[in-house]
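> Fold the following, please.
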Amino acid sequence: MNKNGIIKRSLLAAFPYTLPILAGFLFLGITYGLYMNVSGFGFVYPMVTSMLVFAGSAEFLLVNMLLGAFDPIQTFLMILMINARHLFYGISLLEKYSGTGLKKFYLIFGMCDESFSVNCSVDIPENTDKGWFMFFVTILNQSYWVLGATLGGIFGSFINFNTEGLDFAMTAMFVVIFLEQLLKEKNHLSSVLGIVLPVVSLLIFGPDKFIIPAMIMIFAALILLKKPLLKGGAAI
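Take a look at the predicted model:
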């Protein structure tokens, strides 16, 4: 099969896996665009930030930062804390992203929770290219977010409704992805660790500071238990 055929097959194979994310990103992107609009920003702002920042919760926080006093150090530290989990994502994807050529740079930039979940949990279909498959998963997901943010920014002046509760779409999507992974694995130890350790971290550090310690605990546990987990057929 020629290169164009492989690229097309990779796109067609990746698209169905992004459909659940389309629902969540489109609604949340519209919410973000509406929020930017009611905060006094034209549609260009949510469109451009969703292209260049592409960091969900950080983009919502960015609205207040743009309206407040300029403080680059505080902004840097705040965004770093919010997205520190991507450090752990990146480490786990070092092997997965190897051999993807120049696409690797976009895969790193465009990595989000949802793309990470799909690219880590899905078995790459036959007759497709690994790099192109992950590339299309990533760029399709970002496209959904950009589209939603732009639509919200454009139509924000004409739509007036309560957007409370729309963010639950993301929670529901992650539950579905987790259950799908749980059903696929033979050894559920990694999934149990993913539930128990954040709860322990929450009890120790509280709701405002538990995420980073939880990620560190999970990372350490997976490293220590890597051999028995792989032997038992768990996904790490």
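> ok, which stretches of this structure are helices?
3-38, 44-52, 56-67, 72-82, 85-92, 103-109, 113-121, 130-155, 168-184, 189-205, 211-224, 226-231 (DSSP state H).
> List the contacts of the spatially closest residue to Leu26 that is not a sequence neighbour.
Excluding its sequence neighbours, the residue lying closest to Leu26 (CB to CB, 6 or more residues apart in numbering) is Gly148, at 4.3 Å. C-beta coordinates here come from the backbone N, C-alpha and C atoms, glycine included. Gly148 makes contact with Phe25, Leu26, Phe27, Leu28, Gly29, Ile30, Thr31, Tyr32, Gly33, Ser50, according to CB atoms under 8 Å, 6 or more residues apart in numbering.
> Grab the nearest non-local neighbour of the fifth one.
Spelled out, it's Gly29. Gly148 (2.1 Å).
> swap in the first one?
Using CB to CB, 6+ apart and skipping residues adjacent in sequence, the residue nearest Phe25 is Tyr144, 3.9 Å away.
> And Arg85, by the same measure?
Met215 (5.1 Å).
> The one you found contacts Met81, doesn't it?
No: Met215 is not in contact with Met81 according to CB atoms under 8 Å; the separation is 11.4 Å.
> With neighbour numbers in mind, choose between these two.
Taking neighbours as other CB atoms under 10 Å, Met215 and Met81 compare with Met215 leading, 19 against 13.
> can you pull the pLDDT of that one?
pLDDT, Met215: 77.
> and if you look at Phe109?
93.
> How about the one 5 residues further on?
Glu114 carries a pLDDT value of 88.
> Please verify my assumption that it contacts Phe25.
Yes: counting by CB under 8 Å, Glu114 touches Phe25, with 7.5 Å between them.
> so what's in contact with the two at the same time?
Asn141.
> Compare these two (neighbour count), which wins?
Phe25 (29 against 25).
> ok, now which ones touch the residue nearest to Leu202 when sequence neighbours are not counted?
Leaving aside its chain neighbours, Leu202 sits nearest to Phe210 (4.4 Å; criterion: CB to CB, 6+ apart). Residues near Phe210 by CB under 8 Å, 6+ apart: Pro198, Ser201, Leu202, Ile204.
> Tabulate the residues you listed (TSV), appending pLDDT, distance to Tyr106 and neighbour count.
TSV is the format used below for the contacts of Phe210 (pLDDT from 0 to 100; distance: CB to CB, whole Å; neighbours: other CB atoms under 10 Å):
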residue	pLDDT	distance to Tyr106	neighbour count
Pro198	88	30	17
Ser201	90	32	20
Leu202	91	34	15
Ile204	93	37	12
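> Having no further points to raise, I will conclude here.
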